[in-house]
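> Take this sequence and fold it.
(chains A and B)
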Amino acid sequence: DTGVSQDPRHKITKRGQNVTFRCDPISEHNRLYWYRQTLGQGPEFLTYFQNEAQLEKSRLLSDRFSAERPKGSFSTLEIQRTEQGDSAMYLCASSFLGRPGTQYFGPGTRLLVL
Amino acid sequence: TQLLEQSPQFLSIQEGENLTVYCNSSSVFSSLQWYRQEPGEGPVLLVTVVTGGEVKKLKRLTFQFGDARKDSSLHITAAQPGDTGLYLCAGHNNTDKLIFGTGTRLQVFP
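Numbers count the residues shown, from 1 in each chain, chains lettered A, B, ... in the order given. This is a model prediction of the structure:
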């Protein structure tokens, strides 16, 4: 399978705990995006990378959120001191630089904060 | 703030019927994507349209991008239960992120 993969698929945590999600993009893609989707809504942009550089962060990305793509391949999204409002589906997508609108999504990580 | 409004929000039809989903905005997009999403899964890309007036067909699905690149439609002919899902349009412009529509939830009954 050469699509976008995400790990874990599901995460249940207690409020105040830290969580980290991983995304492996399609190997030839140099752009990687993180989105968040809550129930009944479309995905909302969080941040994106071109190779290892983080080029844009949404205002939705509070100081408790940090994302990295250290070698320009896989990426991690960490949420510190989780809150119940962080419960959502976290989606990763990747694209070619030349076709940035054509983004391929992974299966997502569903986070539940108790 | 760029918004993409989709209509209808919900659609419940019988197998074999035709349907059209609309995606409208006041903003111009450089490309428009359509995705289908099933519960607990990520969106699956169906098509990208980039040229005003462009029409693309994918089996029973026909996608059209408006002449002014502000709106799009998805037409499904002879819907099948396997078409059931959440349909999302997503616009892309020079900000590099996708702006997603409000979604259309389709249920096709056998």
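
> Verify the stated contact: residue A:28 with residue A:96.
Yes: the pair residue A:28 / residue A:96 is scored as a contact, 7.2 Å apart, by CB atoms under 8 Å. For glycine as for every other residue, the C-beta is placed from the backbone atoms N, C-alpha and C.

> So these two - more neighbours on which side?
Between residue A:28 and residue A:96, counting by other CB atoms under 10 Å in any protein chain shown, residue A:96 is the more crowded of the two (14 against 8).

> Show the backbone phi and psi for the more buried one.
Dihedral angles of residue A:96 (phi, psi; degrees, to the nearest 10) stand at phi -80, psi 150.

> pLDDT score for it?
On pLDDT, residue A:96 comes in at 88.

> So for residue A:52, what's the nearest residue that isn't a sequence neighbour?
Of all residues not flanking residue A:52 in the chain, residue A:72 sits nearest, at 4.3 Å (CB to CB, 6 or more residues apart in numbering or on different chains).

> same check, this time on residue B:11
Closest residue to residue B:11 apart from its sequence neighbours, by CB to CB, 6+ apart: residue B:106 at 4.9 Å.

> how many neighbours does the one you found have?
Counted with other CB under 10 Å, residue B:106 comes out at 21.

> packing partners for whichever strand or helix holds it?
Assigned by DSSP states H and E, residue B:106 belongs to strand B:104-109. If contacts are counted by 3 or more CB pairs under 8 Å, 6 or more residues apart in numbering or on different chains; DSSP states H and E, strand B:104-109 sits against strand B:10-14, strand B:19-24, strand B:85-92.

> Which of those sits closest to residue B:68?
Among the helices and strands packed on strand B:104-109, the nearest to residue B:68 by CB to CB is strand B:19-24 (11.0 Å).

> elements contacting the closest one?
strand B:5-7, strand B:10-14, strand B:71-76, strand B:85-92, strand B:104-109.

> looking at these, which is buried most?
Comparing the helices and strands packed on strand B:19-24 by mean neighbour count (mean count of other CB atoms under 10 Å in any protein chain shown), strand B:85-92 ranks first with a mean of 24.

> Could you list the low-confidence segments of chain A?
Along chain A, segments meeting pLDDT under 70 span A:1.

> Can you tell me the SS state at the most centrally placed residue in chain A?
Nearest to the geometric centre of chain A sits residue A:34, at 3.4 Å (CA atoms, centre = their mean). Following DSSP: H, G, I helix; E, B strand; the rest coil, residue A:34 is assigned to strand.

> residue contacts, the nearest residue to it once chain neighbours are set aside?
Leaving aside its chain neighbours, residue A:34 sits nearest to residue A:46 (4.3 Å; criterion: CB to CB, 6+ apart). Remark: with contacts taken as CB atoms under 8 Å, 6 or more residues apart in numbering or on different chains, residue A:46 is in contact with A:33-36, A:57-58, A:60-61, A:65, A:67, A:77.

> If we use 6 Å, what do you get?
Neighbouring residues of residue A:46 by CB atoms under 6 Å, 6 or more residues apart in numbering or on different chains: A:34-36, A:58, A:60-61.

> Show me what residue B:105 is bridged to.
Note on residue B:105: beta-bridge partners by DSSP bridges are residue B:10, residue B:86.
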